[in-house]
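Colleague: Any chance you can model this:
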Amino acid sequence: MAQLSASSWLQLLQLASPALPVGGFSYSEGLEAAVEAGLVSNEAQACSWLLDQLSLAFGRSDLPACAAAMQAWRNGDLPQVQALNDWVLQTRESAELRLQAEQMGRSLGAWLANKNQGEAGLAQLDFLRALRPAPSWPVAFALAAAQTGAPIKEALLAYAFGWAENMVGAAIKSLPLGQSAGQRILEALGAAIPASVDAALLLPAAERQAFTPMLAILSAQHEAQYSRIFRS
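Modeller: So this is what the prediction gives:
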């Protein structure tokens, strides 16, 4: 396995940070609707919900799609990048989940445009930003991670931990949870992420999937929820 340099490691930390200006903090991915429906009302239920989401949804769709896209970017396989972007957007199960993937992808593309890049990097960025109807978040993250020079596994660990931090933030805001409870949930997610990443790296392309009916229904309900603080 390639050695992760200090520079690559710090760049991955930046990509995983909730401070990355892509708006990840503004989404709950159906969690707020689950709270409204009474399905999640305390720390234990929030932790169980997010662990299930990691293994049943994020780990079987976004993680393997991001891994495949990162490899495609490095191979210069732009048709594969396009195909993966199409797959991500076509498998979002509600309008707001698709809008989230598109908005975060566009925002990361805009952020990357402000970085100093060589000719090859600029060509890849131009291709990313030209994807229609929009670059998706996993595919955009894959390009940013590929440009760090980090191994794919370490990039996926950063990608998953960034997701976990944003979701824990959503849980703290949606429920009467304190920071200590949030850290306990984050610790549980952190313990589960390596296995999810390993599974994603071994998952055949034909078995990649995004099928979470309850989450899709809750997300659709959230689109018309009367009072809410998150965009999804």
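Colleague: name the element Arg132 belongs to?
Modeller: Arg132 is part of no helix or strand, with elements assigned from DSSP states H and E.
Colleague: Just list the residues touching it, thanks.
Modeller: Contacts here follow CB atoms under 8 Å, 6 or more residues apart in numbering; on that basis Arg132 touches nothing. No exception for glycine: its C-beta is placed from N, CA and C like everyone else's.
Colleague: Could you check how far it is from Trp87?
Modeller: 14 Å (CB to CB, to the nearest Å).
Colleague: repeat for Leu12
Modeller: 24 Å.
Colleague: Those two - which one has more neighbours?
Modeller: Leu12 (23 against 19; other CB atoms under 10 Å).
Colleague: Could you report the neighbour count for the nearest residue to the more buried one once chain neighbours are set aside?
Modeller: Among residues not flanking Leu12 along the chain, Ala158 sits closest, at 4.0 Å (CB to CB, 6 or more residues apart in numbering). When counting by other CB under 10 Å, one arrives at 25 neighbours for Ala158.
Colleague: my read: Ala158 touches Leu15, true?
Modeller: Yes: counting by CB atoms under 8 Å, Ala158 touches Leu15, with 5.9 Å between them.
Colleague: Name the residues of the element among helices and strands of the chain having the smallest mean pLDDT that are buried.
Modeller: The helix or strand of the chain with the poorest confidence is helix 119-130; it has a mean of 90 (mean pLDDT, DSSP states H and E). Neighbour counts over helix 119-130 (16 or more other CB atoms under 10 Å) mark Gln124, Leu125, Leu128, Arg129 as buried.
Colleague: Stretch 185-198 too?
Modeller: Ile185, Leu186, Ala188, Leu189, Ala192, Ile193, Ser196, Val197.
Colleague: Give me the distance from it to the chain's centre.
Modeller: 14 Å (CA atoms, centre = their mean, to the nearest Å).
Colleague: Helix or strand for the residue nearest the centre of the chain, just tell me which one.
Modeller: Nearest residue to the geometric centre of the chain (CA atoms, centre = their mean): Trp163, 5.3 Å. In the assignment (DSSP H and E), Trp163 maps to helix 152-174.
Colleague: Quick check: mean pLDDT of that helix?
Modeller: For helix 152-174, the mean pLDDT works out to 97.
Colleague: That helix packs against which elements?
Modeller: On a contact count with 3 or more CB pairs under 8 Å, 6 or more residues apart in numbering; DSSP states H and E, helix 152-174 meets helix 6-16, helix 31-36, helix 43-53, helix 62-75, helix 137-146, helix 179-202.
Colleague: again, 6 Å this time
Modeller: helix 6-16, helix 31-36, helix 62-75, helix 179-202 (3 or more CB pairs under 6 Å, 6 or more residues apart in numbering; DSSP states H and E).
Colleague: got the angle for that helix vs helix 137-146?
Modeller: 130 degrees (axes from the mean of the first three to the mean of the last three CA atoms, to 10 degrees).
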